[in-house]
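Colleague: starting from these lines, generate the structure:
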Amino acid sequence: MNHKPNILLITSDQQHWNTIGAFQPEIKTPNLDRLVKEGTTFTRAYCPNPTCTPTRSSLITGQYPSQHGAWSLGTKLSEKVHTVGEDFQQAGYETALIGKAHFQPLTSTVDYPSIEAYPLLQNLDFWKQFNESFYGFKHVELSRNHTNEAHVGQHYALWLEENGCTDWRNYFLPPTGTMDPKQAHKWSIPEQYHYDAWIAERTNALLEQYQQTDQPFFLWASFFDPHPPYLVPKPWDTMYDPNQLTLPKLQQGEHDANPPHFRLTQEKKPDFSPYRESGFGMHGFRSHVHNEHELRKNIAVYYGMTSLMDKYIGRILDKLDELGLAENTLVIFTSDHGHLFGHHGLIAKGPFHYEDLIRVPMIARYPGQIPAGRVSASMQSLVDYAPTLLSYAGLPIPSSMTGKDQREVWNGSQDSVRDHILCENHHEPTTIHLKTYVNERYKLTVYYNQTYGELFDLQEDPQEVRNLWDEPEHQALKSSLLLKYAWAELGKEPIVMPRISHA
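Modeller: Residues are numbered from 1 along each chain as shown. All right, here's what the predicted structure looks like:
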């Protein structure tokens, strides 16, 4: 019988940290609530970058984006970079990823080929035959879309056809599909064909396979929701009354002391041209002015998407119980980054390192080791996952991984192993390149080649509406935090080669 611990990682995409029903009564997530009761919730978990590719790459490498190289959307994680799946495979584990990968861009070049790019992305014959290892995952079943986005394809499209949904293109936007782009909020796709159902079904099929062969596994169920567009099948689109939901709002004058790009977002026709150097689009650099009625409906659908995903997370947790695997399986739930839905007058994501965007929900469950029903404020970073998972499996942690081993913290035998968080955000080559340092009380954000920045007292100002950066009485504090930030940057340098000689 296999006695090695199994690892089940379940992730959402762009989920605000405060969208778990056990802590937020306006939303219903009974299955995540079950994990809360049976495991430990970490209330100060952070992403290393508030966009998809960088953070997802950090999850599997144990390195920061500036270290593994996939520093922004549109970049590629090199296949030469060491990943945690390689360590698990070497130790006899089955490794698999079902759902969203996003380690590679949608464009492929000769120098930087991408199999997640057009037209290969939608070459179903290619994906039908695909059986290669992918970034340490021996088995993958992938797709690349959010709701009805045009680049649906890969294994999800194959599954749709195999399950009788031969008209699946009707539910997706042109050029892949024929769906009316004006359709909003209610997605006409039947729930049985929603990608949540696909991810849960295929994850459970692998769980059955691993149980039958008695193989330890590292399995990642990677959901797409509740990332916008705000679109969900009935009845989930009307599950929440928009008028009964709390609406985050901009406070008068709160951006007056913030960097200029914050204020530009509140203009109807802002000019962001001085920030554009490379010619590529940048998340968040647009007008964030919005209609309250429409925003309320969007939040209601965002919550509906979260609750639908929760239902299928429950299917996976039920399968673990049914197969008798739950007792020997470490389950971790988190998201790749947060989401802004009106907070500070902002929508979605961008170079705005508020807690709403860089904090993520996080729950860990491992019966007999991780305390049940516990809530911890210990600082966690998604860059810590790879070394921590290896630690639970009793496997050596490669020196290339710069994240912290959090096993003793997750087990409740140690209060903390890190006293700060670093979050990177590198879009344009120079104008928008920022890093944030967070400790127990304060948050400092610096911008490359800029004298402006952000300094918030999270204890006295948890809503982050008073930027202390330029206030004279806080200059000594700013200097102290800048020094601590420099120490943190020095401390995360990897030691790849051992020193074996004096000279």
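
Colleague: show me the helices in this protein, by range?
Modeller: Taking DSSP state H as the criterion, the chain carries its helices at 30-38, 52-61, 65-68, 84-90, 124-129, 154-162, 195-213, 260-264, 292-322, 355-358, 385-392, 407-410, 475-491.

Colleague: give the contact list for the nearest residue to Tyr485 once chain neighbours are set aside.
Modeller: Among residues not flanking Tyr485 along the chain, Tyr437 sits closest, at 4.0 Å (CB to CB, 6 or more residues apart in numbering). Any C-beta I mention is one placed from the backbone N, CA and C, and that applies to glycine too. Tyr437 sits next to 420-422, 443-446, 481, 484-485, 488 when contact means CB atoms under 8 Å, 6 or more residues apart in numbering.

Colleague: neighbour-wise, which one of these leads?
Modeller: Thr445 (26 neighbours; other CB atoms under 10 Å).

Colleague: returning to that earlier point: tell me the bridge partners for the residue nearest to Tyr485.
Modeller: When assigned by DSSP bridges, Tyr437 has beta-bridge partners Leu422, Leu444.

Colleague: look up how far Pro216 lies from it.
Modeller: Using CB to CB, to the nearest Å, Tyr437 is found at 37 Å from Pro216.

Colleague: any weak-confidence spans in the protein?
Modeller: Low-confidence segments of the chain (pLDDT under 70): 1-2, 279.

Colleague: off-centre distance for stretch 123-135?
Modeller: 24 Å (CA atoms, centre = their mean, to the nearest Å).

Colleague: any idea how far apart the tips of that stretch sit?
Modeller: Terminal residues of stretch 123-135 are spaced 21 Å apart (CA to CA, to the nearest Å).

Colleague: what sits against the residue nearest in space to the middle of the chain?
Modeller: Central residue of the chain (CA atoms, centre = their mean): Asp336, 0.6 Å from the mean position. Asp336 makes contact with 11-14, 47, 52, 55-56, 59, 360, 382, according to CB under 8 Å, 6+ apart.

Colleague: switch to 10 Å and redo it
Modeller: Applying CB atoms under 10 Å, 6 or more residues apart in numbering, we find Asp336 in contact with 11-15, 47-56, 58-59, 100, 102, 222, 227, 360, 382.

Colleague: follow-up on the earlier one: which of the helices of the chain is buried the deepest?
Modeller: Comparing the helices of the chain by mean neighbour count (mean count of other CB atoms under 10 Å), helix 52-61 comes out on top with a mean of 27.

Colleague: give the other helices and strands that it contacts.
Modeller: The helices and strands touching helix 52-61, judged by 3 or more CB pairs under 10 Å, 6 or more residues apart in numbering; DSSP states H and E, are strand 6-12, helix 65-68, helix 84-90, strand 217-222, strand 329-335, helix 385-392, strand 421-426.

Colleague: give me that answer again for 8 Å
Modeller: helix 65-68, helix 84-90, helix 385-392 (3 or more CB pairs under 8 Å, 6 or more residues apart in numbering; DSSP states H and E).

Colleague: distance of the closest residue to Lys319 other than its chain neighbours from Leu317?
Modeller: Leaving aside its chain neighbours, Lys319 sits nearest to Asn204 (4.3 Å; criterion: CB to CB, 6+ apart). As for Asn204, its distance to Leu317 is 10 Å (criterion: CB to CB).

Colleague: and Phe280, by the same measure?
Modeller: Using CB to CB, Phe280 is found at 40 Å from Leu317.

Colleague: try Ala326
Modeller: Per CB to CB, Ala326 is found 8 Å from Leu317.

Colleague: repeat that for Ala45.
Modeller: 20 Å.

Colleague: do Pro216 as well
Modeller: Pro216 is 19 Å from Leu317, where distance means CB to CB.

Colleague: can you check Leu357 too?
Modeller: From Leu357 to Leu317 the distance is 28 Å (CB to CB).

Colleague: Gln380 too?
Modeller: To Leu317, Gln380 is 21 Å away according to CB to CB.

Colleague: can you check Pro105 too?
Modeller: From Pro105 to Leu317 the distance is 33 Å (CB to CB).

Colleague: same question, Ser335
Modeller: Distance, Ser335 to Leu317, using CB to CB: 17 Å.

Colleague: repeat that for Glu473.
Modeller: Glu473 sits 51 Å away from Leu317, going by CB to CB.

Colleague: now Gln90
Modeller: Separation of Gln90 from Leu317 (CB to CB): 29 Å.

Colleague: let me see the contact set for the closest residue to Leu389 other than its chain neighbours.
Modeller: Among residues not flanking Leu389 along the chain, Ile7 sits closest, at 5.4 Å (CB to CB, 6+ apart). Shown in contact with Ile7 (CB under 8 Å, 6+ apart): 88, 93, 217-219, 329-330, 332, 389, 392-393.

Colleague: make TSV out of those and add distance to Glu254.
Modeller: Converted to TSV, the contacts of Ile7 look like this (distance: CB to CB, whole Å):
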residue	distance to Glu254
Phe88	46
Tyr93	48
Phe217	47
Phe218	43
Leu219	43
Thr329	44
Leu330	41
Ile332	35
Leu389	39
Tyr392	42
Ala393	46
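
Colleague: out of the residues you listed, who's nearest Val375?
Modeller: Using CB to CB, Ile332 is the member of these that sits closest to Val375, with 15.8 Å.

Colleague: isn't that closest one right up against Tyr385?
Modeller: Yes: the criterion here is CB atoms under 8 Å, and Ile332 meets it with Tyr385 at 7.1 Å.

Colleague: joint contacts of these two?
Modeller: Leu9.

Colleague: list phi and psi for Lys182.
Modeller: phi -80, psi -10 (degrees, to the nearest 10).

Colleague: and Glu327, how many neighbours does it have?
Modeller: Each residue near Glu327 was counted by other CB under 10 Å, and the total is 11.

Colleague: what's the burial count for the residue nearest to it when sequence neighbours are not counted?
Modeller: Closest residue in space to Glu327, ignoring its immediate chain neighbours: Pro367 at 5.1 Å, by CB to CB, 6+ apart. Pro367 has 14 neighbouring residues, counting by other CB under 10 Å.

Colleague: what sits against Pro367?
Modeller: Contacts of Pro367 (CB under 8 Å, 6+ apart): 38, 326-327.
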